[in-house]
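> Below are the sequence and a predicted model; questions follow.
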Amino acid sequence: MRTRALWIVAATIAVLAWALAHPHRGDEQAASGEGGPGASAARDTGRAETVSLRLFYASPGGDSLIGETRATTIRTGLHGRVEGLVRELVRGARRGGVPLLPPGTAVRHVYLDHRGLMTLDLTPAIRDRFHGGSTAEYFAVASLVRTLLVNVPEARSVRLACAGEPLETLGGHFACDRPFDLTDF
Amino acid sequence: MSVLARPRWGTAVTALALVTLALLALAPGGVRAAEPAGRSELSLSPVAESVPVRRLEGEAYLSALDLARLLGASRAWRSDLRRLTLVAAGHRIELTADSPFALLDSSLVLLAVAPRTVAGELLVPASLADTLPRDPSLARLLYDSNRGEVVMLPPGGVVRAVAYASSDVEARIVFLADRADEATLADRSRDHFRLRFSGYFAGPLPEAAGRAGLVRALRPIGTASGCAFELTLDPAAQSFRLERDNPSHRVTLTIARAMLAGFEPFPPESRALPPGTPMVVLDAGHGGADLGVSVGDRVEKQLTLALARLLRDELERRGIARVSLTRDDDRALTPRQRAEAANHAGADLFLSLHFDGFPAARSRGATAWCPPLAEPGDASASEAEGGARGSRARVDRSGPIALVAWRDVARRHAARSRALAEAVRSALVLHDRGPVRVREAIAGPLMGVDAPGIMLDCATLTSPGDLDRLQTPEDLRALAVTLAEAIAAYRRNS
């Protein structure tokens, strides 16, 4: 009996120790900005690398997105990659596309959870400096979402935030408070 | 021994499981009870309710139980002091039987009459309802002596008609409304001129109203929320003006015998439309501080309002539809307010009017945004992805009833919305206003609209060619005629 009781106490202590040591894997990943299972994005190291990015801009007629491949230097890791993508989108197209993200738009934070949901927190410029009609608004979101999901294969959907708050809308024509995926555009 | 050991072993295993579950529940991001969605919305939207008062010796009383129910208050009765304490939304109300003094929070209030007990029930004076603290978190009550009821007021507050004056030149009705800015004209024909408020009407109407002058009749009419009035006007009435003064809570409706500066004319050839005529709700995009697209002196919010008014006149003149506008002045509305206006009006068709703007001048023409069709299997997809979907609806087809999130309700009308978009495209192209694109997405103004509808960018202001065709009032009138033809064509084909 005494031996059995000792086994129970030992098992309880083991469970307690395990639970305290592993609070929640998903939260830990999100807080660190790491990718989920199978993610190829490495932890930010501050190292820079030259990579080929596929960027999407609106067509001059406002009818569709047009893609452009560009080699550029970005920091390694998820944050560095997304930061580079947004920077290049703001910088503009070289092959006739129309950039729609307002100047000053930049990445504040980016998180990728274990389901592949990327939460992208942008500076207020994206909301405050956006001027345009519904077509510009639609393609601004479309170019951002498509560029991110094509270049960050671990991400399956993107949720937009602005200055730490959910981004409800960019210009008032479309709701941005739900995650977007590639099938939306 | 073994008989005694079994329960101990079982107890230990149970305890271990409970400890493990407790730890997992306490861990960050661990198992949590699901919070009911929309709870805060429910608590902020009190259902209008009323309780009849009782008359005792000429005074109006209300049961303390009814008062507590209307306020959502907890009750505590001290029989030794004969004192009832109500606590609601952080406020405390103390009422003592046979004492005319009540304690409201920290203030002592002298009541018109003392609460009294009748057959073991505490009755409080109905006028107490008017002295309760004004706090958005506390239900606001009103003693309506005309109806002999204590009423829980809607968010729009109270509306009173305070004055009617008539002269040879004009007739004027003044209302006092807590939300003066929410007064809208729902119909502007002389026979059925309708003014709508979001608040509760605490009558009566001025006695002189409807007896003399340009206003032949004035009566309150039923409405889904708030209150509304219908006026029958003399055919000699030529123009009207609705003024909303929010600081003073005054809404002034002036009917004039001539076309005066700053007044609006009645719709031309205004006539009563036959029953069954569809209701078209026109939504003038943007407004207030939200200018929309601006190019030179052309401002989107002004263009959409002017176009909405012209299109309303055209539709009513042709007898195509009854028309209601979500806004008839320069003010900002949220998408929710626009949808509520459409749904309350009983829209058979919804048209949100906009003008586009794009950084490249090559972009031109119009775009009709219509809600996409619901796709079978969306439910499973959205659940598996944790709701990671953009404009697509959460359609749960797992049971016998398909559930659609209310904001996506426009998708129920996707096919007819598409038909409307095609009718608009045909009409615009026919009048050389193309190219016209039809795109599928639930635009903000369509969210929550339970009717076929589209958001229409009528032209692209940043295109010099399009802008040239929007310079004069006649240009806008021509566009309104084209859109009226499109709606007529849609009606014929649907």
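Yes, it's here.
> where in chain B is pLDDT low?
Within chain B, the ranges that satisfy pLDDT under 70 run B:1-48, B:208-212, B:224, B:268-272, B:374-404.
> where does the most centrally placed residue in it fall, helix, sheet strand or coil?
In chain B, the centroid-proximal residue (C-alpha atoms, centre = their mean) is B:Glu340; its distance is 4.0 Å. Here B:Glu340 is helix, with the state taken from DSSP: H, G, I helix; E, B strand; the rest coil.
> Now do the contacts for it.
By C-beta atoms under 8 Å, 6 or more residues apart in numbering or on different chains, the residues touching B:Glu340 are B:Gly448. Backbone N, C-alpha and C define where each C-beta goes, glycine included.
> how far away is it from B:Ala410?
Going from B:Glu340 to B:Ala410 by C-beta to C-beta, to the nearest Å gives 14 Å.
> Check the contact lists of the two and give me the overlap.
B:Gly448.
> quick one: B:Phe175 and B:Arg196 touch, right?
No - using C-beta atoms under 8 Å, B:Phe175 makes no contact with B:Arg196, being 11.2 Å away.
> Spit out the residues that contact the two alike.
Joint contacts of B:Phe175 and B:Arg196 (C-beta under 8 Å, 6+ apart) are B:Ala183.
> count of residues packed around A:Glu168?
As a burial measure, A:Glu168 scores 15 neighbours (other C-beta atoms under 10 Å in any protein chain shown).
> Same check on the one 10 residues further on?
When neighbours are defined as other C-beta under 10 Å, A:Arg178 has 21 of them.
> repeat for the one 3 residues further on
When neighbours are counted by other C-beta under 10 Å, A:Asp181 registers 22.
> and what of B:Arg437?
18.
> Which strand or helix spans it?
If you go by DSSP states H and E, B:Arg437 is part of strand B:436-440.
> which ones are touching the residue nearest to B:Gly285 when sequence neighbours are not counted?
Distance criterion C-beta to C-beta, 6 or more residues apart in numbering or on different chains; nearest residue to B:Gly285, sequence neighbours excluded, is B:His354 at 4.1 Å. By C-beta under 8 Å, 6+ apart, B:His354 lies in contact with A:Gly133, A:Ser134, A:His173, B:Gly285, B:His286, B:Gly292, B:Glu300, B:Thr304, B:Met455, B:Leu456, B:Asp457, B:Cys458.
> If you drop the residues flanking it in sequence, what lies closest to the third one?
It stands for A:His173. The spatial neighbour of A:His173 that comes closest, neighbours along the chain excluded (C-beta to C-beta, 6+ apart), is A:Ser134 at 3.9 Å.
> In contact with the one you found: list those residues for me.
Counted by C-beta under 8 Å, 6+ apart, A:Ser134 has contacts A:Gly171, A:His173, A:Phe174, B:His354, B:Asp356, B:Thr367, B:Trp369, B:Ala443, B:Met455, B:Asp457.
> which residues sit in contact with the residue of the stretch 151-300 of chain B found nearest chain A?
Evaluated by C-beta to the nearest C-beta, the stretch 151-300 of chain B has B:Val293 as its residue closest to chain A, separated by 5.0 Å. With contacts defined as C-beta under 8 Å, 6+ apart, B:Val293 is in contact with A:His131, A:Gly132, A:Gly133, B:Val299, B:Glu300, B:Phe355, B:Asp356, B:Gly357, B:Leu461, B:Thr462.
> got the residue ranges for the helices in the stretch 1-150 of chain B?
Under the criterion DSSP state H, counting those that start in this stretch, the stretch 1-150 of chain B contains helices at B:2-26, B:39-44, B:64-71.
> Chain A too?
Listed in chain order, the helices of chain A (DSSP state H) span A:2-21, A:25-32, A:77-91, A:125-128, A:134-151.
> comparing these, which gets the lowest mean pLDDT score?
If you rank the helices of chain A by mean pLDDT, helix A:25-32 sits at the bottom with a mean of 39.
> quick one, what contacts B:Arg309?
Neighbouring residues of B:Arg309 by C-beta under 8 Å, 6+ apart: B:Leu325, B:Asp328.
> Quick check: residues of the stretch 201-350 of chain B near chain A?
Residues of the stretch 201-350 of chain B found near chain A (C-beta under 8 Å from any C-beta of the partner chain) are B:His286, B:Asp290, B:Gly292, B:Val293, B:Glu300, B:Pro335.
> go with 6 Å
B:Val293 (C-beta under 6 Å from any C-beta of the partner chain).
> burial count for residue 85?
With no chain named, the answer covers chain A. 23.
> Wait, chain B was what I had in mind.
Using other C-beta under 10 Å, B:Thr85 has 17 neighbouring residues.
> any idea how far the closest residue to B:Gly90 other than its chain neighbours is from chain A?
The shortest distance from B:Gly90 to any non-neighbouring residue, by C-beta to C-beta, 6+ apart, is to B:Ser137 (7.2 Å). Distance, B:Ser137 to chain A, using C-beta to the nearest C-beta, to the nearest Å: 23 Å.
> Check B:Asp313 too.
Taking C-beta to the nearest C-beta, one finds B:Asp313 at 26 Å from chain A.
> residue contacts, that residue?
B:Pro267 (C-beta atoms under 6 Å, 6 or more residues apart in numbering or on different chains).
> hey, what's A:Leu65 bridged with?
Beta-bridge partners recorded for A:Leu65 (DSSP bridges): A:Ala58.
> Can you get me a residue count around it?
Quick note: A:Leu65 (other C-beta under 10 Å) scores 16 neighbours.
> What of B:Gly199?
Per other C-beta under 10 Å, the neighbour tally for B:Gly199 reads 25.
> ok so B:Phe407 is a helix residue?
You called it Phe, but residue B:407 is Arg. Yes - under three-state DSSP, B:Arg407 falls within a helix.
> number of nearby residues for it?
21.
> Is it in contact with B:Pro445, as I believe?
No - between B:Arg407 and B:Pro445 there is no contact under C-beta atoms under 6 Å: 11.8 Å.
> quick one, what contacts the closest residue to B:Glu422 other than its chain neighbours?
Nearest residue to B:Glu422, sequence neighbours excluded (C-beta to C-beta, 6+ apart): B:Val438, at 6.8 Å. Contact partners of B:Val438, counting by C-beta under 6 Å, 6+ apart, are B:Ala368, B:Ala421, B:Arg425.
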